[in-house]
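1. I'd like to go over a predicted model; first the sequence, then the structure.
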Amino acid sequence: MTEMKDDLLDWTLSQSSNLGFSDVLEIKPLREQASLRNYFRIYTESNSMIGVISKSGSDENKLFEIHSHFLQENGIRVPKVEAFDHQKGFMILEDFGDKVLQLEINSRNKTSFYQKSIMAIHKIQKCKPSQSLSKLSKETLIEQMRLFDEWFFHGLLGLEYSTKEKTTLQNTWEIIANHCLAQDYVLCHFDFEFRNLMLLPDSELGILDFQDLCVGPYSLDLVSIMKDIDNPLDKEDLSEYLEFYLDSLLTEQNKTNLTIKDLERDIDFAGFQRQFRILGTLARLHLRDKKSFRLKDLVQTLRFLCEDSIKYDELRDAAKILKNKVEPKLLKTLEAIN
């Protein structure tokens with residue numbers, strides 16, 4: 001970490017004349033992230049900035065820069081890229097502060113935060129996607145869900161399928177992918193969680209971690225906050241915020257063809273795709289990348305998947321596998337790790 005900070009310091013100082021400062025007073029590491037990037041807050045005599053270090057030559061920073069310009073041009077509040085060196089893997093971003101919605105949300109401001117977040121989703125969905133953005137195909141949707149197999153079911157839990165169970169899960173992923181494909185496709189942030197949303201000084205929302213911007217099902221970003229791991233909603237609140245989405249859909253996007261029943265089903269199926277993917281991704285983060293701070297999120301992610309999938313006849317067999325075989329093993333595994 002010290003060598004990494006020193007390298008970032010040297011590079012940041014080389015950018016000082018372009019960025020309008022003469023000296024760096026301090027560099028502090030920020031909270032651990034579920035990625036291979038490292039984030040630092042850089043203090044100068046005049047302001048603070050965010051330093052990002054990723055793998056040298058990685059396309060991730062380049063995509064971040066491209067998407068940042070695109071979203072800013074469309075009036076969406078994302079950090080400005082102040083300087084970059086893609087070969088070295090360095091980037092300096094505008095500092096949005098520390099007010100992450102994940103940590104700021106409470107019973108008093110919850111409705112306001114959800115409404116602000118829903119309006120930000122509308123704003124993203126109204127953008128015309130560039131031709132270069134990837135579109136979530138059926139193959140991609142299923143491939144992402146297969147992370148559950150390799151890293152979570154087999155890798156983390158050490159479980160094996162019976163022939164019947166394997167067929168059931170494969171058929172389930174096919175059903176989920178087909179339902180997602182049947183939805184309207186729009187611009188998606190792809191990781192629109194409260195941990196990636198910031199409350200700015202002017203009370204507007206700032207949006208982070210948009211490097212996976214893509215074209216996908218309209219409900220994918222919506223379910224990311226409706227089924228937020230850190231803020232599970234009760235049925236009453238969920239209905240209220242879905243109604244708000246539908247009401248604002250008419251004014252913001254001039255669409256009236258959705259019913260509340262359609263919306264509930266759509267977010268459930270986009271949620272299933274997301275939850276299978278997240279279970280695999282977080283297990284991989286622990287096993288491959290040696291980052292274990294998100295293991296605690298596995299329980300709620302699996303709970304969402306179990307509770308919502310059992311409602312649908314075509315997913316009931318898979319729901320039973322998840323509830324009766326996977327959930328008990330997950331709890332034992334986490335107990336052993338801790």
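-> Received it, and whenever you're ready, just let me know what you need. Everything numeric in this text was worked out from a predicted model, so none of it was measured.
2. Only C-alpha atoms from now on, for both contacts and neighbour counts.
-> Noted.
3. Assess the claim that residue 90 and residue 51 are in contact.
-> Yes: counting by C-alpha atoms under 8 Å, residue 51 is a contact partner of residue 90 at 7.3 Å.
4. Name the residues contacting each of the two.
-> residue 8 (C-alpha atoms under 8 Å, 6 or more residues apart in numbering).
5. Residue 216 belongs to a helix, doesn't it?
-> No: the assignment for residue 216, made by DSSP: H, G, I helix; E, B strand; the rest coil, is strand rather than a helix.
6. ok, back up a step: and residue 90 and residue 51? Which one has more around it.
-> residue 51 (27 against 23; other C-alpha atoms under 10 Å).
7. Relative to residue 35, how far out is that one?
-> Separation of residue 51 from residue 35 (C-alpha to C-alpha, to the nearest Å) stands at 15 Å.
8. Quick one: the strands in this structure, in order.
-> 24-29, 38-44, 48-53, 81-85, 90-94, 185-188, 197-199, 205-207, 214-217 (DSSP state E).
9. dump the residue contacts of residue 218.
-> Applying C-alpha under 8 Å, 6+ apart, the residues near residue 218 are 125, 183-188.
10. Kindly report the same for residue 125.
-> Contacts of residue 125 by C-alpha under 8 Å, 6+ apart are 186-188, 218.
11. got it, and residue 246?
-> Applying C-alpha under 8 Å, 6+ apart, the residues near residue 246 are 256, 258-260.
12. Which ones among those lie within helices?
-> residue 260 (DSSP state H).
13. mind giving me the domain split of the protein?
-> Here the domain assignment for the chain is 2-94, 101-337, based on automatic domain parsing.
14. mind checking how far the shortest one is from the chain centre?
-> Relative to the chain's own centre, domain 2-94 is displaced by 20 Å; criterion: C-alpha atoms, centre = their mean, to the nearest Å.
15. That domain: end-to-end distance?
-> Where domain 2-94 starts and where it finishes are 23 Å apart, if you go by C-alpha to C-alpha.
16. quick one: contacts of stretch 170-177?
-> Counting contacts by C-alpha under 8 Å, 6+ apart, the residues outside stretch 170-177 that touch it are 138, 141-142, 145, 269-270, 272-273, 314-315, 318.
17. ugh, wrong one, stretch 330-338
-> Stretch 330-338 has contacts (C-alpha under 8 Å, 6+ apart) with 156-157, 295, 299.
18. Now do that stretch, average pLDDT.
-> Across stretch 330-338, the average pLDDT comes to 96.
19. Which positions within it qualify as buried?
-> residue 330 (16 or more other C-alpha atoms under 10 Å).
20. Can you show me the CA trace of that stretch as PDB?
-> This file holds the C-alpha atoms of stretch 330-338, laid out as PDB (Å, rounded to 0.1, in the frame of the first residue of the first chain):
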ATOM      1  CA  LEU A 330     -24.200 -20.900   3.400                       C
ATOM      2  CA  LEU A 331     -25.000 -20.200   7.100                       C
ATOM      3  CA  LYS A 332     -22.600 -23.000   8.100                       C
ATOM      4  CA  THR A 333     -19.900 -21.900   5.800                       C
ATOM      5  CA  LEU A 334     -20.000 -18.300   7.000                       C
ATOM      6  CA  GLU A 335     -20.000 -19.500  10.600                       C
ATOM      7  CA  ALA A 336     -16.900 -21.500   9.900                       C
ATOM      8  CA  ILE A 337     -15.200 -18.600   8.100                       C
ATOM      9  CA  ASN A 338     -16.000 -16.200  11.000                       C
END
